[in-house]
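Chemist: could you work out the structure for the sequence below:
(2 chains)
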There are 2 protein chains.
Amino acid sequence: MRPTLTAFQASPDRGRGLARDMGVRWALEEVGQPYDVRLVSFAEMKAPAHLALQPFGQIPTYEAGGLSLFESGAIVLHIAESGPGLLPSDPHARARAISWMFAALSTIEPPIVERSMAGLVERDAPWFAERLPLLDERIDVRLAQLSRRLGDAPWLDGDFSAGDLMVVTVLRRADPAMLARHPALAAYIARAEARPAFQRAFAAQLAVFTALQAGG
Amino acid sequence: MRPTLTAFQASPDRGRGLARDMGVRWALEEVGQPYDVRLVSFAEMKAPAHLALQPFGQIPTYEAGGLSLFESGAIVLHIAESGPGLLPSDPHARARAISWMFAALSTIEPPIVERSMAGLVERDAPWFAERLPLLDERIDVRLAQLSRRLGDAPWLDGDFSAGDLMVVTVLRRADPAMLARHPALAAYIARAEARPAFQRAFAAQLAVFTALQAGG
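Modeler: Model prediction:
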């Protein structure tokens, strides 16, 4: 059953693969599952038809064979459970990979999103310059802890898993200059981005932006 | 195999059941799984032995039969998969319940935590009064969306699930005055808090605080 995702018709990230459909596309490519994409405008995201699929008016959603899901973490987990290669078969290793998925979204991502949001919403506020170092410090603490845990291993816990996929998806939203201060993490991200499945997913989301630019 | 959790030796919430062990205790009570707790000081949380279990120096951790997990969402999901009552057996309903777990931690919680943190870290900053309405508005948008989805149903999707457990755990960290503006959510939380498993978990974490106060 070929799933259908929703994604931004006009992604604010301008094709950099930072919107939340990116991790889902990547997971589908890792397990070799073809998919369709339905693009939605900002107005459509807030309309009843989309809110029925996604109560918070966000993307992505996932529909397949009568199942409708939201939240990129939940969708990636569902894909990882449905196909090969993203979750270890050993039950303990599987549970640990899922720990990393939650760590990505619940511990690593919030300060990164907070920093991005401040840059959009509070850039002209008189306090922005003073708050910025506080926000960056919160991200840097997490990056240092993650880098320490990764050490010189290629992936966080054994083979590449849905945990690495979510962690890298989240890290890619951080300021590249901040990531560069943690060379092991920068190399980890580069290693993930070199995966053919990542490349295909990235190209697919970029094609949406390119077509939009071309007026297509 | 009786699991061991870690929890704060001296929880900053002073026994209100807002620390991240609360959801894990509650899940264990829902499935009827007895457990042990190892209390950790703030110094111990940052020491190598704990960082080996929890790379970000947080609580809770979960150890059982050679498995070691971190992240409350991942631990609750593991418990829900191991025992009865927290995940539907129908695969689609199960995946939707997991969507709500991720929604709790990835979409509903971040603005709530951000508001709490600002109240701690930025309370004396000259911009606090001006930022506060922005922070509250971000929470209120999520509460309104969640309330609209819940409607007059008792739980978010069919029977009580690990999704409701995580959503309620997260909502309890919001300002009660904000929750009171959404009566359906206030009633939803009260319904969850009336569950015997919640009551037992709440009493267990409160006992830690009470003993600490008594110098025990």
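Chemist: residues of the lengthiest helix in chain A that come out buried?
Modeler: The longest helix of chain A (DSSP state H) is helix A:128-150. Residues of helix A:128-150 classed as buried: A:131, A:134-136, A:138-140, A:142-143, A:145-147, A:149-150 (neighbour count, 16 or more other Cβ atoms under 10 Å in any protein chain shown). For every residue, glycine as well, the C-beta is placed using N, CA and C.
Chemist: ok, now stretch A:109-129?
Modeler: Residues of stretch A:109-129 classed as buried: A:Glu109, A:Pro110, A:Pro111, A:Ile112, A:Val113, A:Glu114, A:Arg115, A:Ser116, A:Met117, A:Ala118, A:Glu122, A:Trp127 (neighbour count, 16+ other Cβ under 10 Å).
Chemist: only C-alpha atoms, please: export that stretch in CSV.
Modeler: Listed next in CSV are the C-alpha coordinates belonging to stretch A:109-129 (Å, rounded to 0.1, in the frame of the first residue of the first chain):
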residue,chain,number,x,y,z
GLU,A,109,15.4,19.5,19.3
PRO,A,110,13.6,21.9,21.6
PRO,A,111,16.5,24.3,22.2
ILE,A,112,17.3,24.3,18.4
VAL,A,113,13.7,25.1,17.5
GLU,A,114,13.6,27.8,20.2
ARG,A,115,16.7,29.4,18.8
SER,A,116,15.3,29.4,15.2
MET,A,117,12.0,30.8,16.4
ALA,A,118,13.7,33.6,18.4
GLY,A,119,15.6,34.5,15.2
LEU,A,120,12.3,34.8,13.3
VAL,A,121,9.9,36.3,16.0
GLU,A,122,12.3,38.3,18.3
ARG,A,123,15.0,39.4,15.9
ASP,A,124,13.9,43.1,16.2
ALA,A,125,13.1,42.9,20.0
PRO,A,126,15.4,45.0,22.1
TRP,A,127,16.4,42.0,24.1
PHE,A,128,17.4,39.7,21.2
ALA,A,129,21.1,40.4,21.4
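Chemist: check the buried residues of helix A:128-150 against chain B, which are close?
Modeler: Counting by Cβ under 8 Å from any Cβ of the partner chain, the subset of the buried residues of helix A:128-150 that neighbours chain B consists of A:Arg131, A:Leu134, A:Arg142, A:Gln145, A:Leu146, A:Arg149.
Chemist: wait, which of those is closest to chain B?
Modeler: Nearest to chain B among these is A:Arg149, at 3.9 Å by Cβ to the nearest Cβ.
Chemist: tell me where the model's unsure across chain A.
Modeler: Within chain A, the stretches with pLDDT under 70 are A:216.
Chemist: would you map the strands across it?
Modeler: A:4-8, A:36-40, A:61-64, A:67-70 (DSSP state E).
Chemist: quick one on the thing from earlier: can you list contacts of the longest helix of chain A?
Modeler: Residues outside helix A:128-150 that contact it (Cβ atoms under 8 Å, 6 or more residues apart in numbering or on different chains): A:107-108, A:111-112, A:114-115, A:118, A:122, A:156, A:167, A:171, A:174-175, A:178-179, A:181-182, A:184-185, A:188, B:51, B:55-57, B:121-122, B:125, B:127.
Chemist: stretch A:166-184 too?
Modeler: The contact list for stretch A:166-184, computed with Cβ under 8 Å, 6+ apart, reads A:17-18, A:22-23, A:26, A:72-73, A:76, A:100-101, A:103-105, A:108-109, A:112-113, A:115-116, A:136, A:139-140, A:143-144, A:146-147, A:150-152, A:156, A:185-186, A:188-189, A:192-193.
Chemist: leaving out chain neighbours, which residue sits closest to the residue sitting furthest away from the middle of chain A?
Modeler: Farthest-out residue of chain A from its mean C-alpha position, per Cα atoms, centre = their mean: A:Pro126, at 31.4 Å. Leaving aside its sequence neighbours, A:Pro126 sits nearest to B:Trp127 (Cβ to Cβ, 6 or more residues apart in numbering or on different chains; 7.0 Å).
Chemist: now A:Met101
Modeler: A:Met166 is the one closest to A:Met101 (Cβ to Cβ, 6+ apart), at 4.5 Å.
Chemist: would you mind measuring from that neighbour to chain B?
Modeler: 10 Å (Cβ to the nearest Cβ, to the nearest Å).
Chemist: neighbours around that residue, how many?
Modeler: Close neighbours of A:Met166, defined as other Cβ atoms under 10 Å in any protein chain shown, add up to 28.
Chemist: same check, this time on A:Arg181
Modeler: Neighbours of A:Arg181 (other Cβ under 10 Å): 13.
Chemist: can I see the domain layout of chain A?
Modeler: A:4-85+A:197-215, A:91-195 (automatic domain parsing).
Chemist: mind checking how far the last one is from the chain centre?
Modeler: The one in question is domain A:91-195. How far domain A:91-195 lies from its chain's middle: 11 Å, per Cα atoms, centre = their mean, to the nearest Å.
Chemist: same thing with stretch A:10-24?
Modeler: Centroid displacement of stretch A:10-24 relative to its chain, using Cα atoms, centre = their mean, is 8 Å.
Chemist: report the buried residues of stretch A:62-73.
Modeler: A:Tyr62, A:Glu63, A:Ala64, A:Ser68, A:Leu69, A:Phe70, A:Glu71, A:Ser72, A:Gly73.
Chemist: ends of that stretch, what's the gap?
Modeler: End-to-end span of stretch A:62-73 (Cα to Cα, to the nearest Å): 11 Å.
Chemist: how about the helices in chain A?
Modeler: A:21-31, A:42-45, A:48-53, A:72-82, A:91-103, A:109-121, A:128-150, A:162-171, A:176-180, A:183-193, A:196-213.
Chemist: now render those helices as TSV, adding distance to B:Ala10.
Modeler: Shown next, in TSV, are the helices of chain A (distance: least, Cβ to Cβ, whole Å):
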stretch	distance to B:Ala10
helix A:21-31	37
helix A:42-45	44
helix A:48-53	43
helix A:72-82	32
helix A:91-103	24
helix A:109-121	24
helix A:128-150	21
helix A:162-171	31
helix A:176-180	32
helix A:183-193	33
helix A:196-213	44
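Chemist: indicate which one of the ones you listed is closest to B:Leu87.
Modeler: B:Leu87 lies closest to helix A:72-82 among those, at 12.5 Å (Cβ to Cβ).
Chemist: so which elements touch the closest one?
Modeler: Packing contacts for helix A:72-82, counted by 3 or more Cβ pairs under 8 Å, 6 or more residues apart in numbering or on different chains; DSSP states H and E, involve helix A:21-31, strand A:67-70, helix A:91-103, helix A:162-171, helix B:91-102.
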